[in-house]
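> test case, fold it:
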Amino acid sequence: MTAYAYFFGCVIPNRYPGIEYAVRWVCGKDGFDLDVKDLPDFSCCPVPGIFYSTDKETWLLLATRNLVLAQDERRDILTVCNGCLTSLMKATEYLKDPKSMGKVNRVLAQVGKKYTGVPRKSEGRRKVFEPVTVRHYTELMAKDIGIDAIREKAKRPLKNIRVAVHYGCHYLRPTENTTVDDPNNPVLLDNIVEACGGTSVDYDDKLDCCGAGGGVRSHVVDLANSLTEDKCRNINAAGADCIVTGCPFCLLQFDNAQKTFSKEGIPVMHVSQFQALSMGIDPISLGFDTHHVSAHSLLRKLRGS
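Down below sits the predicted model:
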């Protein structure tokens, strides 16, 4: 069994602890009983929209430090955020360049750390090292756990729930060289939603940005919210009961922006929360009270189904 290290990032612990609870519950003994461990020394990934865009040396150093922590534990990193996926996966690709790795390691040596990658096999007497593996929660669930297993665990299928799936930009194109799904026709998140009993509805501009990407939310919030409003208008037109995403930062944007242009809004949740609901968890454990858009309309519909 593959061993993983939880990487929750910054948004989840600070804004949406219900997502962390859902991930732990789904991955734990009540769910799929995976070998996942906390590494308390993990830091910010760091966020690609700010660090990578402005200071690549600092970005790579901080990202590599996180990779070393997983490397030394011989664990793959399990990310629950699109931005963290991009930052850490992109770093593993930069570190394939010996000059980049050497430069970073000279700094890491000051804190007693060194990135080598993970020894996977030997060729004669020579060990062959491979990059630390970085996995997205959605990919792990859909490909490794499997859609059939997710369906079997859905003790309370979320029937009659119409879901607008939002993938997010960093999930679709995490690096220039690697993808985890078809960036032009992604299916993994839709497949998980359907395995949980929901109906994934199509809507215009489904693959568009949530509005917050690239630092827009931080610097031009009116523009970010306007983009989100356009997307929510299309989601409403499709008759969705909720929005499901695999990215807490996209969730943050949908959840916060809607209060600027809608009185009620469309409930939005992380795919782990949607899974946990289908597996019979008590909704009170999922932290919906910390969301700006109330989930009461969705939960009422679930109780009536």
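
> from here on, just use CA atoms for contacts and neighbour counts.
OK.

> what's the weakest-modelled helix or strand in the protein?
Every helix and strand in the chain was compared by mean pLDDT, DSSP states H and E; the lowest is helix 216-219, with a mean of 68.

> low-scoring stretches of the chain, by residue?
123, 214, 218, 305 (pLDDT under 70).

> roughly how far does the residue nearest the centre of it sit from S122?
For the chain, C81 is the residue whose C-alpha lies nearest the centre (C-alpha atoms, centre = their mean; 2.6 Å). For C81, the distance to S122 (C-alpha to C-alpha, to the nearest Å) stands at 33 Å.

> related to what we said a few turns ago, helices or strands up against the least confident helix or strand of the chain?
On a contact count with 3 or more C-alpha pairs under 8 Å, 6 or more residues apart in numbering; DSSP states H and E, helix 216-219 meets helix 221-237.

> on the three-state scheme, K29 is what?
For K29, the assignment made with DSSP: H, G, I helix; E, B strand; the rest coil gives coil.

> pull the number of nearby residues for it.
10 (other C-alpha atoms under 10 Å).

> how about I77?
So I77, with other C-alpha under 10 Å, has 27 neighbours.

> what do you get for L299?
14.

> numbering from 539 from now on, please.
Noted, 539 is the first residue going forward, which turns the last one into L837.

> now it: which helix or strand?
helix 834-842 (DSSP states H and E).

> any idea how far that helix is from the chain center?
Its chain's C-alpha centre and that of helix 834-842 lie 25 Å apart, by C-alpha atoms, centre = their mean, to the nearest Å.

> let's see it as CSV, backbone CA atoms only.
Output in CSV follows, covering the C-alpha atoms of helix 834-842 (Å, rounded to 0.1, in the frame of the first residue of the first chain):
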residue,chain,number,x,y,z
HIS,A,834,-29.5,24.5,4.4
SER,A,835,-31.3,24.3,1.0
LEU,A,836,-29.1,21.4,-0.1
LEU,A,837,-29.4,19.6,3.3
ARG,A,838,-33.2,20.0,3.3
LYS,A,839,-33.4,18.4,-0.1
LEU,A,840,-31.2,15.5,1.1
ARG,A,841,-33.4,14.9,4.1
GLY,A,842,-36.4,14.8,1.8
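
> who's in contact with it?
Under the contact criterion C-alpha atoms under 8 Å, 6 or more residues apart in numbering, helix 834-842 has outside partners 696-697, 699, 779-780, 805.
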